[in-house]
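1. Have a look at this prediction, sequence included:
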Amino acid sequence: MALSTAAYDRLPELKAFDETKAGVKGLADAGITELPRIFHAPPHLINGSPTAPADDPNFTFPIIDLEGAWGKDPIKRAQIVGEIRDASANWGFFQVVNHGVPARVVDEMKAGAHRFFELDVEQKKEFFLPICCKDIVTEFSKEILSFADSLFGLLSEALGLSSNHLKELGCAEGVDVAYNYYPPCPQPELTLGATQHTDTAFIAMLVQDHIGGLQVLHQNHWVDVPPMSQGLVVNIGNLLQARVFFLICPIRFFLMVKLWMRKLM
């Protein structure tokens with residue numbers, strides 16, 4: 001069971017942890033056997049929505065094969081657009097394969113992240129973007145932006161719009177790259193790798209290693225996202241959902257605002 005949070009001042013411990021600059025990797029290297037209290041998650045988060053049964057077809061995470069999406073077969077493209085529409089509407093997530101980002105780039109990006117976390121703590125303090133990762137981050141970002149440009153075309157068509165609509169709105173004009181490291185935990189029953197959240201971007205694309213661990217909430221159940229060596233997990237972010245809302249429901253939005261303003265009067 002998690003320790004009581006009564007009269008517990010978390011801030012000093014959190015500040016001390018941040019000042020080490022070693023992150024959770026430093027704790028793993030130190031061989032801790034008990035989870036620091038600052039990482040204890042509230043029980044209602046740990047014991048919240050159940051994990052979906054792995055063999056239940058209603059919770060099969062959508063995997064979309066993009067092979068042929070940019071070819072000359074309009075029927076194949078329409079089929080893929082339909083799969084993206086269904087996955088986006090019902091899940092807000094899907095995983096794509098045959099996306100065109102070279103396998104070498106995906107593999108080197110994973111390896112670069114691993115090299116970064118294996119650096120000495122002092123090296124991590126010195127470099128914001130270490131030399132060991134700089135070239136592959138640049139190449140990966142270029143490839144991801146190119147793919148995102150094509151993906152927004154499919155998403156536009158899924159919305160019944162022209163293929164360049166979302167691109168013209170500026171949805172694919174930038175990219176942020178982040179590494180996440182989740183070491184083995186001595187007391188996993190007390191914590192979460194990352195608490196439930198939504199992403200604020202237009203879309204977020206995630207690459208898992210072979211261990212996996214990513215889950216998404218669907219029909220009030222947590223569903224495991226299967227790790228695939230060359231798969232890219234696409235998350236429909238808050239900004240894109242907002243764009244879609246304004247595109248499809250402008251009158252409804254106006255009425256909502258009008259009613260809300262009326263309540264203030």
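-> Yep, it's here. Residues are numbered from 1 along each chain as shown.

2. Not counting residues beside it along the chain, what's closest to Ser88?
-> Ile236 (5.2 Å; CB to CB, 6 or more residues apart in numbering). The C-beta positions use only the backbone N, C-alpha and C, and glycine is treated the same way.

3. Model confidence at the one you found, what's the number?
-> Looking at Ile236, its pLDDT reads 92.

4. Dig out what it forms beta bridges with.
-> On the basis of DSSP bridges, Ile236 is bridged to Ile203.

5. okay but it is in contact with Met205, surely?
-> No: counting by CB atoms under 8 Å, Ile236 sits too far from Met205 to count as a contact (11.0 Å).

6. Looks to me like Phe17 is in a helix.
-> Yes: Phe17: assigned to a helix according to DSSP: H, G, I helix; E, B strand; the rest coil.

7. What backbone torsions are found at the nearest residue to it once chain neighbours are set aside?
-> Nearest non-adjacent residue to Phe17, counting by CB to CB, 6+ apart: Ile38, 6.2 Å away. Here is the backbone geometry of Ile38 (degrees, to the nearest 10): phi -60, psi -20.

8. Touching, Phe59 and Thr51? I think so.
-> No: applying CB under 8 Å as the test, Phe59 and Thr51 come out as separate, 9.2 Å apart.

9. Need the overlap of contacts for those two.
-> Listed as contacting both Phe59 and Thr51 by CB atoms under 8 Å, 6 or more residues apart in numbering are His221, Val223.

10. who has more neighbours, these two?
-> Using other CB atoms under 10 Å, the more surrounded residue of Phe59 and Thr51 is Phe59, with 18 against 11.

11. Pull the contacting residues for that one.
-> Ala52, Pro53, His218, Gln219, His221, Val223.

12. Give me the number of neighbouring residues for Glu168.
-> Based on other CB under 10 Å, the number of other residues close to Glu168 is 11.
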